[in-house]
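Chemist: Give me a 3D structure for the following:
(chains A and B)
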2 protein chains.
Amino acid sequence: MSIDAARTENQITDVTSSVNQLADRARRASRVLKRANRDWKDRALLAMAAGIDANRSKIFQENKKDLEAGRANGTSTAMLDRLKLDDQRIDGLIAALNELAGLPDPVGRVVRGETLPNGLRMRQVNVPMGVIGTIYEARPNVTVDIAGLSLKSGNAVLLRGGSAALNSNLALVSIIRDALESVSLPRDLVISIDEFGREGADAMMGARGKIDVLIPRGGRELIQRVVTTAKVPVIETGEGNVHIFLDADANEQMAIDILTNAKTQRPSVCNTVETLLIHKDSKVAASVLKALSAAGVTLHADERAAALVPELQTLAAGEDDWRNEYLDLDIAVKVVEDMDEALEHIRKYSTGHTEAILTSSLASSEQFIAEIDSAAVIVNASTRFTDGGQLGLGAEVGISTQKMHARGPMGLAELTTTKWIVQGDGHVRK
Amino acid sequence: MSIDAARTENQITDVTSSVNQLADRARRASRVLKRANRDWKDRALLAMAAGIDANRSKIFQENKKDLEAGRANGTSTAMLDRLKLDDQRIDGLIAALNELAGLPDPVGRVVRGETLPNGLRMRQVNVPMGVIGTIYEARPNVTVDIAGLSLKSGNAVLLRGGSAALNSNLALVSIIRDALESVSLPRDLVISIDEFGREGADAMMGARGKIDVLIPRGGRELIQRVVTTAKVPVIETGEGNVHIFLDADANEQMAIDILTNAKTQRPSVCNTVETLLIHKDSKVAASVLKALSAAGVTLHADERAAALVPELQTLAAGEDDWRNEYLDLDIAVKVVEDMDEALEHIRKYSTGHTEAILTSSLASSEQFIAEIDSAAVIVNASTRFTDGGQLGLGAEVGISTQKMHARGPMGLAELTTTKWIVQGDGHVRK
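Modeler: Numbering: from 1, shown residues only, chains lettered A, B, ... in the order given. Alright, predicted model coming up:
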């Protein structure tokens, strides 16, 4: 082994043991939080909001360092925009924390309970997970967001943000920890491990028994790295290669309204539509495509779809168009023979997030609902409704695209687990 | 690369692609099962039971081959006993399948639903996972058990049993597949991958997107290998280093009855007690230890515990005794200063399965319930009640010791996921 390799290995061992120690500190802090009632936790959230409000200039100053470093590194404008904190974004963070304080406590809710025939009383109750780990990219708002959600759900959290947002994140974490202390909660409920860089993230992924669940937030590459590497359980969020199937008999105005909304209202998010599948007998397809084009959407069409609108400029669609999320004002369009071909296409390319059908046929609607295996199936409404806030879940942790633990929009309840409590009076098993 | 290494690598690639193909076949079969209502699934379970009943001699013949091979390999008597199928065990398998047919369908249940202020109707409904993978050891009864549970919950299953039970498992799988065909369900709902040996298990662990969840059933080593290796989500089951804390003021007869039941009723299972922590002020500790000893239990005691019963022979307890599951008529015993020391000991050594307190103090009971972070917390009753059947969940899939997805006894519902169904009438997001 070369000297360099040996040094790297030692460094990694150090990082692992440091991150494990921080996780232990977070665990001890989480035990204190277990004893905090909702009022106490809400006071902490309000203190965090007040602390952020009072320290705007410090936050902007640290954020400016990150932005300058980013510019010097040739970071893209889009990335710099995500990184930037201004008064409006700070207002948003404060509003989110205040809103969180207004939500019911997910901890302590009795999921089910009964007295068994032998008189044994049992109940299953929501309790905190314990220690959550988060790995995310260059959006400093996630720091505040996740700290607030973790606290309200009774969990301590270890944060590993993108190195591009290092100064902003450290400033926010320091303000949050001061706020915790101001209401007599342990500072170690929120711990940044940014100082350890990427090795810190790796150490969290290996910290079985130390970290209860990892929630990666970011692009495809980050999430794939975490789900395939982590030895700690992961909640997979995010990717949405979302389809809308325009059935033969869909209403014209409804189809135009929904497609336009699903594609253009906020094209950069995961519940935006990415592929439109058109039944070959649709009479309204041309109007829909013209409306999308008029709304500034670039059409990536297969031959049959392009032939529906010879007057429009379209790009030729290929395998990549079926597979990728544009997350922009682009949509892939394909004409299919029937529902079966639409279902087959979706099965092949869907990421299991959301699929919608626009139809006036009860049979089509029922078949689509039954056969689509995605977190959300939507009939005659915009795919933009796959969202915790829209579905009335309160604060949203993310959209889970996995089948374990949580599927679809996740609220605070999904950051808890349950405990069975069994009470007897000398009961033994026969 | 040596020729041998290259060959091994090719073999593994072949196994991976074979297992992936089998998982695809299982997926296609699971789509047919999605359309099967409860009556149809129950007919399949009854056909499986009837097939097993009608083929006892074939099963015994194949089981005999495994037993003979085991004896020739010097397999332990305990292992041979687990491997053996006799009329009584077959009766048990048949009874379990019939009972499963009598349980409600976990699929299609509406978890929650409401009409949102904008008129959008939404509901969250239990749906099958899709394809389950199971890796287990030399108990051929698991083959039937898991096939039945998977079918009832609407899932296809890939089975990898212990190689020691190869012939028994293949016979059972063949009978099960015939039964499926007899009620017009696809044979590929239940697929054995035993022919691929250990590489087959490895291939399942890597089959992200092909297998929805892996459920290992067996000893510590197997489960640890799966949870730390698998890239597919895993439900961790099993290990129970179960504690009972005898508080200062516990009732004597209750303590004797519960400890004896928790240790001797079935010592080989995960909810049996393994460590007894005694409050130093307990007046009944000596009686309890004498009762355990009289029931044939070997006491592994620390110095203070041994001093409570100088007339009994005890073994000196050490770190291993606190850490390991005996799964036999042995118990570790330690005297603690107070509740805090008991909690600290449990925090250090618990596997998060079940802990119980025997007390007449409300304050002790409340503190124990609040601070123990295990799947089940029991007050004044035997730890043997941590069991799906005992808690009224119907058939038991296993006891989950993880915090994600399912915690504690898992019933059929835990083999399902949910789907959000949103129905509108042209709704777009504002």
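Chemist: Only C-alpha atoms from now on, for both contacts and neighbour counts.
Modeler: Will do.
Chemist: hmm, which helix or strand of chain A has the shakiest average pLDDT?
Modeler: The helix or strand of chain A with the poorest confidence is helix A:3-34; it has a mean of 83 (mean pLDDT, DSSP states H and E).
Chemist: can you pull the buried residues of whichever helix or strand comes after that helix?
Modeler: Next along the chain after helix A:3-34, taking DSSP states H and E as the criterion, comes helix A:38-54. Within helix A:38-54, the residues that qualify as buried are A:38, A:41-53, counting by 16 or more other CA atoms under 10 Å in any protein chain shown.
Chemist: Which of those residues sits closest to chain B?
Modeler: A:Arg38 (15.3 Å; CA to the nearest CA).
Chemist: Nearest residue to the closest one in space, please, no chain neighbours.
Modeler: A:Asp105 (6.0 Å; CA to CA, 6 or more residues apart in numbering or on different chains).
Chemist: Please name the residues that touch that neighbour.
Modeler: A:38, A:152-153 (CA atoms under 8 Å, 6 or more residues apart in numbering or on different chains).
Chemist: export those to a markdown table and tack on pLDDT?
Modeler: Below are these laid out as a markdown table (pLDDT from 0 to 100):
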| residue | pLDDT |
| --- | --- |
| A:Arg38 | 96 |
| A:Lys152 | 97 |
| A:Ser153 | 97 |
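Chemist: if we can go back for a sec, what's the closest of the buried residues of helix A:38-54 to B:Phe385?
Modeler: In terms of CA to CA, no member of those lies closer to B:Phe385 than A:Arg38, at 31.8 Å.
Chemist: which SS state does A:Thr418 fall under?
Modeler: Secondary structure for A:Thr418, judged by DSSP: H, G, I helix; E, B strand; the rest coil, is strand.
Chemist: Dig out what it forms beta bridges with.
Modeler: A:Asn126 (DSSP bridges).
Chemist: That one is in contact with A:Val125, isn't it?
Modeler: Yes. Between A:Thr418 and A:Val125 there is a contact at 5.2 Å, judged by CA atoms under 8 Å.
Chemist: ok, these two, which is more surrounded?
Modeler: Ranked by neighbour count (other CA atoms under 10 Å in any protein chain shown), A:Thr418 and A:Val125 place A:Thr418 first, with 27 against 19.
Chemist: Let me know the helix or strand that the nearest residue to A:Ala285 once chain neighbours are set aside is in.
Modeler: Nearest residue to A:Ala285 in three dimensions, chain neighbours excluded: A:Ile278, at 6.9 Å (CA to CA, 6+ apart). Here A:Ile278, judged by DSSP H and E, is contained in strand A:273-279.
Chemist: Please name every helix or strand in contact with that strand.
Modeler: Here strand A:273-279 touches strand A:242-246, helix A:252-264, strand A:330-336, going by 3 or more CA pairs under 8 Å, 6 or more residues apart in numbering or on different chains; DSSP states H and E.
Chemist: where's A:Ser293, which helix or strand?
Modeler: helix A:285-294.
Chemist: For that helix, which helices and strands make contact with it?
Modeler: Using 3+ CA pairs under 8 Å, 6+ apart: helix A:285-294 touches helix A:252-264, strand A:298-301.
Chemist: what's the closest of those to chain B?
Modeler: helix A:252-264 (5.1 Å).
Chemist: Mind checking the pLDDT average for the closest one?
Modeler: The average pLDDT within helix A:252-264 is 98.
Chemist: For A:Thr359, give me the pLDDT.
Modeler: According to the model, A:Thr359 scores 98 on pLDDT.
Chemist: From chain B, how far off is it?
Modeler: 10 Å (CA to the nearest CA, to the nearest Å).
Chemist: The nearest residue to that residue once chain neighbours are set aside: which element?
Modeler: Closest residue to A:Thr359 apart from its sequence neighbours, by CA to CA, 6+ apart: A:Ala250 at 4.3 Å. In this assignment (DSSP H and E), A:Ala250 forms part of neither any helix nor any strand.
Chemist: Thought A:Gly389 was touching A:Ile399, still the case?
Modeler: No. The criterion here is CA under 8 Å, and A:Ile399 misses it with A:Gly389 at 11.3 Å.
Chemist: Mind checking which of these two has more residues around it?
Modeler: Counted by other CA under 10 Å, A:Ile399 and A:Gly389 do not tie: A:Ile399 has more neighbours, with 25 against 14.
Chemist: Alright, I will stop here.
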